[in-house]
Structure formats: C-alpha cells, structure tokens
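Novice: with the input below, show me the fold.
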Amino acid sequence: MSARGSIATIASALALALVAGCGNGGRGEGAADEAGPVVPVRVATLEPRTFADAVHSNGVWRSSGELVVAAPVAGVIESLFVMVGDRVAAGQRAGTLVTRDSWAALRGAELLGSEARDAAARDDARRALELARRELIRVPL
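Specialist: Now for the predicted structure:
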C-alpha cells in the first residue's frame, strides 16, 4: 500500500470516528442535556507537511586533514599556543615540551621540599629546586 493510500485510509477512519462521536447515540433531543455540555469539534482537511529535524550534540569535529605531530623527545607538554580549528603555518610554534628527565628532576626537587623535616633538609631541597628550574630543558614544538 502506498503512503498516500495509507494516509487516505487513516483520514477516512478518523473522519468516521469523529462523525460517530458527534451524535447523541439515538437518545433523542433531551439526552444531550442530561449527559453534560456538548463539546464542539473542529474538522480540518488532512494535508502533507514537512518537519525539519535538528540534532544538537556535544563532541569534537575531526577534519580529514588532521596531521599527527611527533615530538622530538619524550616529555610533558608545558604549553600549547594553538587550539582545535586554528590554522597553523609551516614552521609556526605550536607549543613547548619539557623533557621527561627535566620534568622528573623538577618534580623530585618539589617532593624533596615537601618532605623536608629540618632546616638542613629544607636548604638542600631549595638548592635542588633552584638547580632543576635553572637546568629545565624546554623544546619548542
């Protein structure tokens, strides 16, 4: 059965149901007053309509032109200068990487400072932290 045939069948059934529901069921003239107020029924012709479906969702759009950039050494990203969707020119710095050894030395010196219990240990931790910060190796990406 075609879509128009289905719609016509449904429209006919709906019209018959409305007509059957509008009568007083053969109870005579005064029966409507006893049953309660009469509810007016509006009849309209059935017509096709289109509805625009819109879908809203969260996520990240991935371009088919994305490129994986390999870091020159193992390390931790310290800063990024570009965001998703930014245009990046050849040779443009995208961020800064701290080498894994430098990062480990810095975190170790910070941990040494937090665990220091006496003045000599705090002094050693301070010197280790100054040295780690001074010799921190940053690699441009």
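Novice: which residue packs closest to Val73, ignoring adjacent ones?
Specialist: Thr99 (5.4 Å; CB to CB, 6 or more residues apart in numbering). Where C-beta positions appear, they are placed from N, C-alpha and C, glycine not excepted.
Novice: tell me how many other residues crowd that neighbour.
Specialist: Taking other CB atoms under 10 Å as the neighbour definition, Thr99 ends up with a count of 18.
Novice: what bridges to it?
Specialist: According to DSSP bridges, Gly75 are recorded as the beta-bridge partners of Thr99.
Novice: list the contacts for it?
Specialist: Contacts for Thr99 were tallied using CB atoms under 8 Å, 6 or more residues apart in numbering; they are 73-75, 137, 139.
Novice: can you check Val73 too?
Specialist: Val73 touches 97, 99-100, 139, counting by CB under 8 Å, 6+ apart.
Novice: do a quick rundown of the helices in this structure.
Specialist: Ranges of helices within the chain are 3-22, 31-35, 100-115, 119-134, based on DSSP state H.
Novice: is Gly95 in contact with Ser79, as I believe?
Specialist: Yes: if you go by CB atoms under 8 Å, Gly95 and Ser79 touch, sitting 5.5 Å apart.
Novice: which of these two has more neighbours?
Specialist: Per other CB under 10 Å, whichever of Gly95 and Ser79 has more neighbours is Gly95, with 15 against 12.
Novice: quick revisit: mean pLDDT lowest for which of the helices of the chain?
Specialist: Lowest mean pLDDT of the helices of the chain: helix 31-35, a mean of 57.
Novice: select from the contacts of Thr99 the one having the most neighbours.
Specialist: Among those, where neighbours are counted by other CB under 10 Å, the top count belongs to Gly75, at 20 neighbours.
Novice: hang on, that one packs against Thr96?
Specialist: No: taking contacts as CB under 8 Å, Gly75 lies outside contact range of Thr96: 9.5 Å.
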